[in-house]
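Undergrad: Just a sequence and a predicted model for now, questions to come.
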Amino acid sequence: MDGYCFPQMISLRSDISENHVDDGEVGHSIRRKRRKKKDTRPESIIVYRSEMERAPGEDQASEEGAERSTEEGAKFLCTPTSEGSWNLPPDSRYVTLTGTITRGKKKGQVVDIHVTLTEKELRDLAKSKERLDAECEAGEGSKRNCRLGVCQGPHVVLWSISCFPVVFLLSFITSFYYGTLTWYNVFLVYNEERTFWHKITICPFLIIFYPMLIMPMALSLALYSAVVQVSWAFSEWWQAVRDLEKGFCGWACGKLGLEDCSPYSIVELLDSDTVSGTLQSKAPTLVLCMDVGFSMSNSAPGEESTFELAKKVLQKFVQRQVFAETKDELALVLFGTDSTKNPLDQDGQYQHITIHRHLMMPDFGFLEEIENQIHPENEQADWLDAIVVCMDLLQNETNKKKFDRRNIAVLTDLSTEAKADHLDVIIKNLQEAGITLQFFLPFTMEDSEEGGGDADRGGPGHPGAGKGPTREQKNGLDMVKEIMQCLDEEEGLDEIYTFRKAIEQLCMFKRVERRPMAWPCQLTIGSSLSIRIVGYKAVSLLLKEKLKKTWITIDAQTLQKDDIKRETVYCLDDDNETEVQKDDIIQGFRYGSDIVPFSKVDQEQMKYKHDGKCFAVLGFTKQNLVHRHRFMGSQVIKIFAPKDDEHAGVALSAVIRALDELEMVAIVRYAYDRRSNPQIGAAFPCIKRDYECLMYVQLPFAEDLRQFTFPSLESKKFTPSDTQLSAVDSLIDSMMLVEKDENGDYKDMLKVHHIPNPAFQRHFQCLYHRAVSPGSPLPPLEPWLKAVLEPPEIITERCQAPLEEIKRKFPLVEVQKKKKLKTSAQIFEEPNDKEAKADEEEEYNLADIAGGSVTSVRQLTHRIEQLLSNKNTNYYMKSLKCIKVFREQSIKVNKHSMTLISKDEVQGSTVSKNEANQVTH
């Protein structure tokens, strides 16, 4: 799998040597009954996927060069978490089985079945699978084994025969029940969704012949189930008894084209070996072997110690493994410790070596241990002895398991003189066990050859940086080279890294690896040409999909999700706040001041009905007519031919190459399934060295387009000169994000695969800090991430001169505010009392009433108008209260000007203007 590092190689290697559309809809799960027991085990659930949502495991159709950059550092060193609100006990895990519904209401829907297993069940199933594999390999397996035993033999046959009447009765009841449900569903389809002729012909037939047909069907299925349950082995009998209806109703609905009428769904697993692959835990293993001796704490003035650098490498790698949710098992061995704790501690050998953590999947507890429990100590130990302890650990803890790869990563400064007496034996055992090695040192191999240098900028582990490796370190490095070349003659030395280089490559968090789910469909051109295809999601928004499902609400004190219960209650807007049941609530569409109600039945009928998944070509057009600014949607889909269909591959290849030669695209109608609305999009030909495919991008409908009219930019007053245009052209050229390579070809400086999402990286940086340091403030942005947000240095340097030229050609002149000129008459004229009063009132209103850009009075007036626009008595009463308060406050503000209403204002008044002015409030 290109681009997948640690889980694939389980080593610190790779990156240093180099580097389906909506959110998944969680289906209904069986409602759990309350029990008295505290530790109720969670039930297995089905998670319904949306368009081509990815599952762990594989990656296909990645862009050329995608194996680099976004996975920088991923191949260094090498418990699934529950999704949503599904809680797992501490000792349980779940196996994810991926499949496609072949019968039922959701036919064609991709699902993940989470089967809950405790650790004990997981081990038992793995052992049973290994036993079955061993029997098959030895030729002992057969379709039916006739050997005698506790679970197989004549006694099981007699037992199954004695159960004949019980199984017959239970099967009859089950078949009758499912048959009745199916019959009723079929009746509803023809009565409510089909034509009038179906109602008067088929519906009476279904009513009249129901008792005549349901009884023979149920009796036949019951007899068949009772016969086939007679078995020689108990396991076969139990498997037959568990399926009493034999899937007949689902099969019949499928044959009649009435899949929605099936009372259940049947899931066909996409990979028959998914269970065995999961149970056998074939993930890679890695033992981290870290030196904590006293020499590791030495450092040059102003530099980090070698121990701190090695600890950072350890933390960065484990962080990546935790957040990537890998199933790799890690162990940690420390050497140079004050104490000794390992199984080889006998007769004074293998001293000061401690197994800190045995093989298990990494978690936050491991990160906390690294942060708080690992410190430099006061002893020294032989790093070759530490490797032997690691080999013994791998041998003992992986003896009865199957792993893709076993690796040891050693982090040391080589300051201790190693005993090379048994070096040949160690190398031979490493080769026979298939264990690979990686070394992380504070200096490079070039430093040891030159005898000086900066030694990774921090000294080799002793004071006095710049003096180069010591004699012990040079001897140790020679032994390391010998070991690595014996293990891999060609690339062995590539597995020796420096701490700083490792930190640089491991600083980026890995995204969770997902397997793109295939979307099988038919590409149709006209009515006579159909080609089998499969689609894979190539581009999508990862951060939103991943993080949105991860946030949950917990109690701030106990930090437990179960301590909080969320309830939604609907109430009437009356004095008693009468509660309204959920069944009595429907959706309403607001159209102006009116609300148009829509029931669930109306909403279902309003949806567009089509035949299901579709990828139909509507026509062809030139590529230059499909503008990039009209691309929309949140994904890009790559269309391939199925691997097992050679004819489809040839046909699709012909279409792709024809489109490429003619520089055309196919305009297609795309629908993911029968529940989704169809889209219109463009299918572009894509031909790479390793594969060829169609790239589907959604296009807008007429209603999606936005037409804006802007005034013309052409103006004689602001027409730029030739020198100004030349300066702008130079600035654009200097900021081009392309450069020439050695062959003179242009290449991108900023590739999509090399640029991580800063929000994603920052999120996990803060998440790690909060996990290991709950009470401290969040850390600042890491320097490397801040550098990612800045333009490349070469661009910054290159555009300095054009920017200076722009400043000279486009000088900025401060525009002075023009003062209002006054005439002599205005200067010597007496001020007008009315104008002065108006100015004072205006100043008063702005100072006391203004609130932002909209006055408080205007806000209240607008709110009253909104309340009056709703045709409801409660809103009218509320608006009257607002007006009353509005009036009271207005009286307080203008209390000094309150008078009686005069005749000039209202004709019916008997008060003159002078009398009104004389009255004070």
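TA: Received it, and whenever you're ready, just let me know what you need. What you see is a predicted model; the values in this text were computed from it and never measured.
Undergrad: Just confirm Leu332 contacts Met360, I think it does.
TA: No - at 10.3 Å, Leu332 does not count as touching Met360 under the criterion of Cβ atoms under 8 Å. To be clear about C-beta, it is placed using only N, CA and C from the backbone, and glycine gets the same treatment.
Undergrad: if you count what's nearby, which of these two comes out ahead?
TA: Higher neighbour count among Leu332 and Met360: Leu332, with 24 against 13, using other Cβ atoms under 10 Å.
Undergrad: Now do the helix or strand encompassing that one: which elements does it pack against?
TA: Per DSSP states H and E: Leu332 is located in strand 329-335. Applying 3 or more Cβ pairs under 8 Å, 6 or more residues apart in numbering; DSSP states H and E, we find strand 329-335 packed against strand 285-291, helix 306-323, strand 353-360, helix 364-373, helix 383-397.
Undergrad: chain center to the host helix or strand of Ala654: distance?
TA: Ala654 belongs to helix 646-662 when assigned by DSSP H and E. Distance of helix 646-662 from its chain centroid, counting by Cα atoms, centre = their mean, to the nearest Å, is 33 Å.
Undergrad: ok, which stretches of the stretch 551-700 of the chain are strands?
TA: 570-571, 579-580, 587-591, 594-598, 614-622, 632-640, 664-671, 679-687, 692-699 (DSSP state E, counting those that start in this stretch).
Undergrad: Could you export these to a markdown table, including columns for mean neighbour count and distance to Asp382?
TA: Converted to a markdown table, the strands of the stretch 551-700 of the chain look like this (neighbours: other Cβ atoms under 10 Å; distance: least, Cβ to Cβ, whole Å):
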| stretch | mean neighbour count | distance to Asp382 |
| --- | --- | --- |
| strand 570-571 | 10 | 72 |
| strand 579-580 | 11 | 75 |
| strand 587-591 | 10 | 74 |
| strand 594-598 | 11 | 77 |
| strand 614-622 | 15 | 64 |
| strand 632-640 | 20 | 53 |
| strand 664-671 | 20 | 64 |
| strand 679-687 | 19 | 56 |
| strand 692-699 | 21 | 55 |
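Undergrad: which of the residues in stretch 864-873 are buried?
TA: 864, 867-868 (16 or more other Cβ atoms under 10 Å).
Undergrad: contacting residues around it?
TA: Outside stretch 864-873, the residues that touch it by Cβ atoms under 8 Å, 6 or more residues apart in numbering are 593-594, 875-876, 878-879, 882-883, 886.
Undergrad: Next: stretch 632-639.
TA: Residues contacting stretch 632-639 (Cβ under 8 Å, 6+ apart): 21, 51-52, 61, 519, 523, 533-541, 615, 652, 670, 679, 681, 683, 686, 693-700, 704.
Undergrad: of all the helices and strands packed on strand 329-335, which lies closest to Tyr768?
TA: Tyr768 lies closest to helix 306-323 among the helices and strands packed on strand 329-335, at 5.4 Å (Cβ to Cβ).
Undergrad: Let's test this: mean pLDDT of the closest one, rounded?
TA: The average pLDDT within helix 306-323 is 90.
Undergrad: what does stretch 373-383 give?
TA: pLDDT averaged over stretch 373-383 gives 91.
Undergrad: Enumerate the positions of it that are buried.
TA: 374, 376-377, 379-383.
Undergrad: Nearest to Phe366 among those?
TA: Of the buried residues of stretch 373-383, the one sitting nearest to Phe366 (Cβ to Cβ) turns out to be Ile374, at 10.8 Å.
Undergrad: before we move on, the earlier item: find the residues that touch each one of Leu332 and Met360.
TA: Common neighbours of Leu332 and Met360 (Cβ under 8 Å, 6+ apart) do not exist.
Undergrad: Where does the record place the domain boundaries for the protein?
TA: 154-246, 279-506, 518-707, 722-809, 839-918 (automatic domain parsing).
Undergrad: right, so those domains: which one is the most enclosed?
TA: Highest mean neighbour count among the domains of the chain (mean count of other Cβ atoms under 10 Å): domain 279-506, with a mean of 19.
Undergrad: how far out from the middle of the chain is it?
TA: Going by Cα atoms, centre = their mean, where domain 279-506 is centred and where its chain is centred differ by 33 Å.
Undergrad: follow-up on the earlier one: closest to Leu713 out of the domains of the chain?
TA: Across the domains of the chain, closest to Leu713 is domain 722-809 (Cβ to Cβ), at 13.6 Å.
Undergrad: Grab the longest helix from this structure for me.
TA: helix 196-228 (DSSP state H).
Undergrad: Downstream of it, the next helix or strand is which one?
TA: helix 234-242.
Undergrad: how about the next helix or strand after that next one: buried residues?
TA: Counting by DSSP H and E, the next helix or strand C-terminal to helix 234-242 is helix 248-256. By neighbour count on 16+ other Cβ under 10 Å, the buried set for helix 248-256 is 248-250, 252-254.
Undergrad: Could you check the angle helix 248-256 makes with helix 196-228?
TA: Relative orientation of helix 248-256 and helix 196-228, computed by axes from the mean of the first three to the mean of the last three Cα atoms, to 10 degrees: 140 degrees.
Undergrad: Mind exporting the C-alpha coordinates of helix 248-256 to CSV?
TA: Extracted in CSV, the C-alpha atoms of helix 248-256 (Å, rounded to 0.1, in the frame of the first residue of the first chain):
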residue,chain,number,x,y,z
PHE,A,248,-36.9,-17.3,2.1
CYS,A,249,-38.8,-14.0,2.4
GLY,A,250,-35.8,-11.9,1.5
TRP,A,251,-35.0,-14.1,-1.5
ALA,A,252,-38.6,-14.0,-2.7
CYS,A,253,-38.8,-10.2,-2.4
GLY,A,254,-35.5,-9.9,-4.4
LYS,A,255,-36.8,-12.1,-7.2
LEU,A,256,-40.1,-10.1,-7.4
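Undergrad: what's that helix packed up against?
TA: strand 92-103, helix 164-188.
Undergrad: hey, least reliable of the ones you listed by pLDDT?
TA: strand 92-103 (a mean of 53).
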